[in-house]
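Visitor: need a structure here:
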Amino acid sequence: MGSMNNMLADGAPDTEGPVVAQGGGGDAFAAVQQIVEDQLAPLTVSIDLEGHYPGDVLRALGRAGAYRQHLASQRPDGVCDLAGAVQAMAVVSRECLSTGFMMWCQDALAWYLENSDNAALKAEMLPKVASGEVLGGTALSNPMKYFSGIEPLHLRAEQVEGGYIVNGTLPWVSNLGPDHYFGAICRVEGEAPREVMLLVPCASKGLDLKQLAHFTAMEGTGTFSCQFHDVFIPDGLLLADPVQPYLARIKAGFILLQAGMALGLVEGCIGLMQDVEPLLGHVNCYLDDRPEELAEEAEEFKAAAAALAADPYDASPDYMQEVLEARLLGSELSLRAANAAMLHTGARGYLIDAPAQRKLREAYFVAIVTPAIKHLRKELDMLSQAQVS
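Guide: Okay, here's the model as predicted:
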């Protein structure tokens, strides 16, 4: 997804754009909306069809405070406003889900650092990630499937003096570039076999980023196969050891943040449907999933996600069940809204650069990105079985 050439061309730090106070609240959301209108909207089609990586936009969003809403340590009020992070992501995802997805990648990377016990790493890297100075992604798709019994863990590590030597391949990791970072989980064999989580610099010797596929949607997201050939990661970049207690701390937030993608996409679809009402309302009234109905459901979804986001560290099984159910609802609502937008806009939505057909393709991404609908249902079934036993 997205060419390395485009990434390098757009990789220089952007020195213009709005800057707001840390934890900017309403000011931050207004600044995010302005960035969407002025900088992102003109690029949306090229991101989708040409694989343009919007590095300048992503950095501008960081300076506007978009990535620090859920980071208590990076806000003057010391509050974890995860619902605010969802809202900022939704503003961007209404226009371009590729960019909204990369916001989620950035937010997730910051979430890893925020919750790490490695104080030195957190002090050094988190302010840079929160501000957008450093960009990066999350490589937890494979580990999440591994811990759910869906697939084996792809990375293995040998603990050596001063760090770890990592080998293996992750097929797709997003929001990457030559100077980016991502979090990865490896299986350490030996006398004390366990899983550990590391912060991986893309510039690491022995790490190759390969673009091996092009996708139906979500081009321009800096998505590469990450091939590890005896990659040394020093102890200073250790995020968690052992990883299970750490995953329990970050999992709910990791999943809930994705509500921003779903909410923004649904709101964008509703907007497209409303736009054609003056011309086509007299015949669109015969279609299912009308805009006012979807708008009501979107508000209910937003409220449910915000309520769950109030305490993302709740470790109870009942809470995690509600988180998984909310994420599942976001996928299902995205598919319905995108299908409705396509039908409501008709032939004009079928053009190659039309927003409606793009949102239909994007909606399937919401439904298949980890955790996918089938993954969510499997985890919900596992929770149900555990409660019965």
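Visitor: quick one, strands of the protein?
Guide: 136-138, 155-160, 163-173, 181-188, 194-201, 207-210, 224-234, 238-240 (DSSP state E).
Visitor: pick the most deeply packed of those strands.
Guide: Among those, the stretch with the highest mean neighbour count (mean count of other C-beta atoms under 10 Å) is strand 136-138, at a mean of 28. All C-beta spots, glycine's among them, are computed from the backbone N, C-alpha and C.
Visitor: what pairs with it, parallel or antiparallel?
Guide: Strand 136-138 has its sheet partners listed here by DSSP bridges as strand 181-188 (parallel).
Visitor: can you count the residues close to the closest residue to Glu151 other than its chain neighbours?
Guide: In space, and not counting its chain neighbours, Glu151 is closest to Lys145: 4.6 Å by C-beta to C-beta, 6 or more residues apart in numbering. Neighbour count for Lys145, taken as other C-beta atoms under 10 Å: 19.
Visitor: do the same with Ala66
Guide: 29.
Visitor: can you verify my assumption that Leu198 contacts Gly236?
Guide: No. Leu198 is beyond contact range of Gly236, at 10.2 Å (criterion: C-beta atoms under 8 Å).
Visitor: give me the beta-bridge partners of the spatially closest residue to Tyr112 that is not a sequence neighbour?
Guide: Among residues not flanking Tyr112 along the chain, Gly183 sits closest, at 4.5 Å (C-beta to C-beta, 6+ apart). Counting by DSSP bridges, Gly183 forms beta bridges with Thr138, Leu199.
Visitor: quick check: Gly183 touching Glu114?
Guide: No. With contact defined as C-beta under 8 Å, Gly183 does not reach Glu114; the gap is 11.7 Å.
Visitor: per the record, what domains does the protein have?
Guide: Split into domains by automatic domain parsing, the chain comes to 4-133, 141-244, 258-388.
Visitor: Ile250 is nearest to which of these?
Guide: Shortest distance between Ile250 and these, using C-beta to C-beta, is found for domain 4-133: 5.1 Å.
Visitor: centre of the chain to the closest one, how far?
Guide: With C-alpha atoms, centre = their mean, to the nearest Å as the basis, domain 4-133 stands 11 Å off its chain's centre.
Visitor: pLDDT on it, on average?
Guide: Averaging pLDDT along domain 4-133 gives 86.
Visitor: for the residue nearest in space to the middle of the chain, which residues are in contact?
Guide: Centroid-nearest residue in the chain, with C-alpha atoms, centre = their mean: Trp104, separated by 2.6 Å. For Trp104, the contacting residues are 89, 257-258, 260-261, by C-beta atoms under 8 Å, 6 or more residues apart in numbering.
Visitor: any idea how far Ala85 is from it?
Guide: To Ala85, Trp104 is 9 Å away according to C-beta to C-beta, to the nearest Å.
Visitor: overlap in contacts, these two.
Guide: Contacts common to Trp104 and Ala85, judged by C-beta under 8 Å, 6+ apart, are 257, 260.
Visitor: kindly provide the distance from Val57 to Val369.
Guide: 20 Å.
Visitor: looking at those two, which is more packed in?
Guide: Comparing Val57 with Val369 by other C-beta under 10 Å, the one with more neighbours is Val57, at 25 against 18.
Visitor: all good on my end, thank you.
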